[in-house]
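**Q** Need a 3D model of the sequence below.
(one chain, ligands or ions: 2)
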Amino acid sequence: MGTTCGLKIDPLYRYVRALVICFILLPCIQLSLGAKIRHFKWEVEYKYWSPDCIENIVMAINGQFPGPTIRAKVGDTISVELTNKLSTEGVVIHWHGIRQIGTPWADGTASISQCAINPGETYNYRFKVDKPGTYFYHGHLGMQRSAGLYGSLIVDLAEGEKEPFYYDGELNLLLSDWWHKNTHDQEIGLFTNPFRWVGESQSLLINGRGQYNCSLAAKFSSNTSISQCKLRGTEQCAPKILHVLPNKTYRLRLASATSLASLSLAIGNHKMLVVEADGNYVQPFEVDDLDIYSGESYSVLLTTNQDPSNNYWLSIGVRGRLPQTPQGLTILNYHPNSASKLPISAPPVTPVWNDYNHSKAFTNKILALMGTPKPPINHDRRIILLNTQNKIDGYIKWALNNVSLVLPPTPYLGSIKYGLKNAFDQKNPPENFDSINYDVTKPPVNPNSTYGNGVYMLGFNTTVDVILQNANALSANVSEIHPWHLHGHDFWVLGYGDGKFSADKDEKKLNLKNPPLRNSAIIFPYGWTALRFVADNPGVWAFHCHIEPHLHMGMGVIFAEGVDRLSTIPNEGLTCGLTGKMFSGQKN
Ligand code: C2O
Ligand code: CU
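**A** Ligands and ions are numbered 1, 2, ... in the order given. I've put the predicted structure just below:
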């Protein structure tokens, strides 16, 4: 009976199968023809290296510093098998700017999306890149970004698509700052009473290269200084020369992985046209110099229309803090000039560090390119976060609405999904502060704060506003810049303002017409910044100051949304250590 039945159904089954293949699967296969899986096998280990011509240790990937550049196309899947070869520390890597839609366990945040990968173990990061742009990756445990664990991640348009601007060539600059004191030493200092601040970095690096104390800038005109600088180090610290041809347009991709420094970048004699910010197109605008804060990325177009018989300096310098770090330099080399031909004019001077009007003017020019999705006009929830410097048992901390973040041992993603109520504080952290009485222009009257690890549980698909409110730090007349970065989303930057945010006065000033979509935004000293995003990406997402010592001192909050909608979380994302893999015998 069964067989007769089977025989009868068989032709129909084959017909249906053919239909399915022709009309449903084939187009899918064709659509994804261009999309690739890009496999990488990486090993993280400490290595001796001379990033600024002084030998030190760095966190290298496959023996390289900075780590290898990942280049992919929209639609591709990136697969990084990361093996921890450090002898005594865990490690994770975060893919900064990639939203991880559908793969929150691949976000690479220790204690949030996964356990730190133990020494000797391997974690497989597998995620799709869905948006073209300039991104980077970095360590997200302790101060491993400061230790040099970072590299570039560039996503090109899918085959056949066109950028909304033209360029002939591309140059990629990953910016960072570098300390001679190792990060363990730095970290202990931050958790010591009396507090020991990390101080200003010794060098600024461009693609992992700087020249400590070489005074390239001061002695730019003497040919001996540059050769001395080169002699002092190995190949590892020689500036990466930017080779260009006259009368062409280049796309400079810039990303800042600094631990602390806010930077200004300029190129002698040349203007730059800003076209991309954090993986989103912006209305093009021209600048002589550009501010770039930790966690931000930009693309600028540079036209090589200056005297082709000269070379030109590209310089980066510190903004927002009294600079004690020399400028980082490299040379824009017009071919066929020799790369060692020094520019005839001095490197561009960085604007005065505390000229905030200059920075504000730049920031306010960043607007979305036409066609960028617009924000919903109303918000469902508004969280106001007061940024303060505080004390807990005499230790200096940063806090949001008086809560200083300390991450729990069990990662949030698994504990929320499986309802492990003891894994973290179940109370919602404060939505606001006493905005009537708190004076943001003075040091906190009561500097005492508390530790916390609660989560802002966001309703799925709701529109969330975050108002970041800056304030005075512990010492009088000090308020710092903080570059805030959100995981899992882009947000619209609705506006910036001075003083205390007031719903009555400031609401109508918010830009709902063409606010830029970004994943990072700063708060200026004594100012506020208004952001909006839609909580539509199931996962647990960090939102924090991208200054690494500040994050380490508690300057962050955790958002979660739609975790119940995730059908599975790979075992690797749930368990710490190899156990999970051994039991399941599978790899995600
Ligand atoms: Cu690039 Cu959580 O940061
Ligand atoms: Cu900060």
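
**Q** ok, which residues in the chain are in contact with ligand 1?
**A** His94, His96, His138, His140, Gly295, His485, His487, Ala542, His544, His546 (C-beta under 6 Å from any ligand atom). Every residue, glycine included, has its C-beta placed from N, CA and C.

**Q** Provide a ChimeraX selection command restricted to the buried entries of these.
**A** Under the burial definition 16 or more other C-beta atoms under 10 Å, those of the residues of the chain next to ligand 1 that qualify are selected in ChimeraX by:
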select :94,96,138,140,295,485,487,542,544,546
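
**Q** which residues sit in contact with Arg196?
**A** Ile188, Gly189, Leu190 (C-beta atoms under 8 Å, 6 or more residues apart in numbering).

**Q** what does Glu480 give?
**A** Glu480 touches Gly320, Arg321, Asn470, Ala473, Pro525, counting by C-beta under 8 Å, 6+ apart.

**Q** In what element of secondary structure is it found?
**A** Under DSSP states H and E, no helix or strand contains Glu480.

**Q** gap between it and ligand 2?
**A** Applying C-beta to the ion, to the nearest Å, the value for Glu480 to ligand 2 is 6 Å.

**Q** Identify the residues contacting Thr388.
**A** Counted by C-beta under 8 Å, 6+ apart, Thr388 has contacts Trp398, Ala399, Leu400, Asn402, Pro444, Ser449, Ala471, Ala473.

**Q** can you tell me which of those residues are in helices?
**A** Using DSSP state H, no member of those falls in helices.

**Q** Run a quick neighbour tally on the residue nearest to Thr77 when sequence neighbours are not counted.
**A** Computed as C-beta to C-beta, 6 or more residues apart in numbering, the closest residue to Thr77 that is not its neighbour in sequence is Ile37, at 4.6 Å. A count of nearby residues for Ile37, using other C-beta atoms under 10 Å, gives 11.

**Q** One more: the one 10 residues further on?
**A** Burial of Lys47 is recorded as 15 neighbouring residues (other C-beta under 10 Å).

**Q** Endpoints of stretch 411-430, how far apart?
**A** 21 Å (C-alpha to C-alpha, to the nearest Å).

**Q** If we go by neighbour counts, what in that stretch is buried?
**A** Buried-residue list, stretch 411-430, by 16+ other C-beta under 10 Å: Pro411, Tyr412, Leu413, Gly414, Ser415, Ile416, Lys417, Ala423, Phe424, Pro429, Pro430.

**Q** can you tell me how far Thr109 sits from ligand 2?
**A** Thr109 is 17 Å from ligand 2, by C-beta to the ion.

**Q** for that residue, phi and psi?
**A** Per-residue torsions, Thr109: phi -120, psi 120 (degrees, to the nearest 10).

**Q** contacting residues for it?
**A** Contacts of Thr109 (C-beta under 8 Å, 6+ apart): Val92, His94, His140, His487, Ala542.

**Q** quick one, strands of the stretch 251-400 of the chain?
**A** 262-267, 272-277, 280-287, 289-292, 297-303, 312-319, 328-334, 381-392, 395-400 (DSSP state E, counting those that start in this stretch).

**Q** among those strands, which is nearest Val563?
**A** Smallest distance to Val563 across those (C-beta to C-beta): 17.3 Å, for strand 381-392.

**Q** tilt between the closest one and strand 395-400?
**A** 170 degrees (axes from the mean of the first three to the mean of the last three C-alpha atoms, to 10 degrees).

**Q** Strand 381-392 and ligand 2, are they touching?
**A** No: using C-beta under 5 Å from the ion, strand 381-392 stays clear of ligand 2, coming no nearer than 7.4 Å.

**Q** helix/strand/coil for Glu465?
**A** For residue 465 the amino acid is Asp, not Glu. Counting by DSSP: H, G, I helix; E, B strand; the rest coil, the backbone at Asp465 sits in strand.

**Q** count of neighbours near it?
**A** 20.

**Q** what's the answer for Leu290, then?
**A** 19.

**Q** How about it: which residues does it bridge to?
**A** Bridge pairing for Leu290 (DSSP bridges) gives the partners Leu265.

**Q** That one and ligand 2: what is the separation?
**A** On the measure of C-beta to the ion, Leu290 and ligand 2 end up 21 Å apart.

**Q** This protein: helices as residue ranges?
**A** 2-19, 26-31, 183-190, 223-232, 356-364, 412-417, 503-506, 548-552, 571-574, 579-584.

**Q** re earlier: ok, the contacts of Thr388 vs ligand 2, which is closest?
**A** Trp398 (6.4 Å; C-beta to the ion).

**Q** pretty sure the closest one is touching His550, no?
**A** Yes: Trp398 is within contact range of His550, at 5.3 Å (criterion: C-beta atoms under 8 Å).

**Q** what's near enough to touch Asn514?
**A** Applying C-beta under 8 Å, 6+ apart, the residues near Asn514 are Gln283, Leu367, Ala368, Met370, Thr372, Lys374.

**Q** Can you list the low-confidence ranges for the chain?
**A** Along the chain, segments meeting pLDDT under 70 span 1-33, 215-234, 578-588.

**Q** Which strand residues bridge the residue in it that ligand 1 sits nearest to?
**A** Here the chain gets closest to ligand 1 at one residue, His96, 3.8 Å apart by C-beta to the nearest ligand atom. Beta-bridge partners of His96, counted by DSSP bridges, are Phe136.

**Q** right, and it touches Tyr137 too?
**A** Yes: look at His96 against Tyr137 with C-beta under 8 Å: they come within range, at 6.1 Å.

**Q** which residues are in contact with both of those two?
**A** Common neighbours of His96 and Tyr137 (C-beta under 8 Å, 6+ apart) are Leu153.

**Q** picking that back up, tell me which two of the contacts of Glu480 sit farthest apart.
**A** So, the contacts of Glu480 by C-beta to C-beta: farthest apart are Arg321 and Asn470, at 15.0 Å.

**Q** So those two - more neighbours on which side?
**A** Set Arg321 next to Asn470 and count neighbours by other C-beta under 10 Å: Asn470 wins out with 26 against 15.
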